[in-house]
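Enquirer: attaching a predicted model along with its sequence, questions to come.
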Amino acid sequence: MNKIFEDEFMDIQTGIISLCLELADDNTEKIYIYGSLEEHSTSFNAFFQVNGEVKTLNKVVNNVDAIWEFLDLGESDLQKIREVCKQYQQKRPTEIKIIYDCIKGTFEAKYKYESVCSADTGLDSSDIFMDWVKEME
């Protein structure tokens, strides 16, 4: 059963990467994907390294409706992670950070399982996302 869970979890992550690749062009070197799956909230966002420069969504996509659709689809994929963890009674990550290397075709994922965005921490997902963007600049 654990193998099935891992396969489904990996399939969802692959889908998230594919979603982000739809916004990438030939000059995109890396894609940084952020997901927050706290108890009562879900948040998704991504940014890109293009020609050595870090670019947020609004620098990659000019259509506001397309940006919102992208964010909604990403949140739907994160909801699938929530559901598959519940289905297989596995611990759900509260935070996922994926770095996809477009040149090598590889990715690295980091997970947190403790509450990251809460009244206790005083942080919300947009704060953490923007801190990550600044860190990579």
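Expert: Everything's here; your move.
Enquirer: buried residues in the longest helix anywhere in the chain?
Expert: Longest helix of the chain, by residue count under DSSP state H: helix 64-87. Neighbour counts over helix 64-87 (16 or more other Cβ atoms under 10 Å) mark Ile67, Phe70, Leu73, Gly74, Glu75, Asp77, Leu78, Lys80, Ile81, Val84, Cys85 as buried. Any C-beta I mention is one placed from the backbone N, CA and C, and that applies to glycine too.
Enquirer: note down every partner strand of the helix or strand just after it and its orientation.
Expert: Heading C-terminal from helix 64-87, the first helix or strand you meet, by DSSP states H and E, is strand 95-101. Strand 95-101 has its sheet partners listed here by DSSP bridges as strand 28-38 (antiparallel), strand 106-112 (antiparallel).
Enquirer: which stretch among these comes nearest Gly122?
Expert: strand 28-38 (13.6 Å; Cβ to Cβ).
Enquirer: what angle do that closest one and helix 64-87 make?
Expert: On the basis of axes from the mean of the first three to the mean of the last three Cα atoms, to 10 degrees, strand 28-38 is oriented at 60 degrees to helix 64-87.
Enquirer: strand 28-38: how far from the chain's middle?
Expert: For strand 28-38, the gap between its own C-alpha mean and the chain's C-alpha mean amounts to 3 Å (Cα atoms, centre = their mean, to the nearest Å).
Enquirer: switch to numbering from 452
Expert: From this message on, residue numbering opens at 452, which makes the last subject strand 479-489.
Enquirer: quick one: mean pLDDT for it?
Expert: Here strand 479-489 scores 97 as its mean pLDDT.
Enquirer: do the same with stretch 532-545
Expert: Stretch 532-545 comes out at a mean pLDDT of 96.
Enquirer: kindly report the same for stretch 503-520.
Expert: Mean predicted lDDT for stretch 503-520 stands at 96.
Enquirer: list the buried residues in stretch 467-485.
Expert: 467-468, 470-471, 474-475, 479-485.
Enquirer: distance between that stretch and the chain's centre?
Expert: That offset, for stretch 467-485, works out to 11 Å (Cα atoms, centre = their mean).
Enquirer: quick one: terminal-to-terminal distance for that stretch?
Expert: With Cα to Cα, to the nearest Å as the measure, the ends of stretch 467-485 fall 10 Å from one another.
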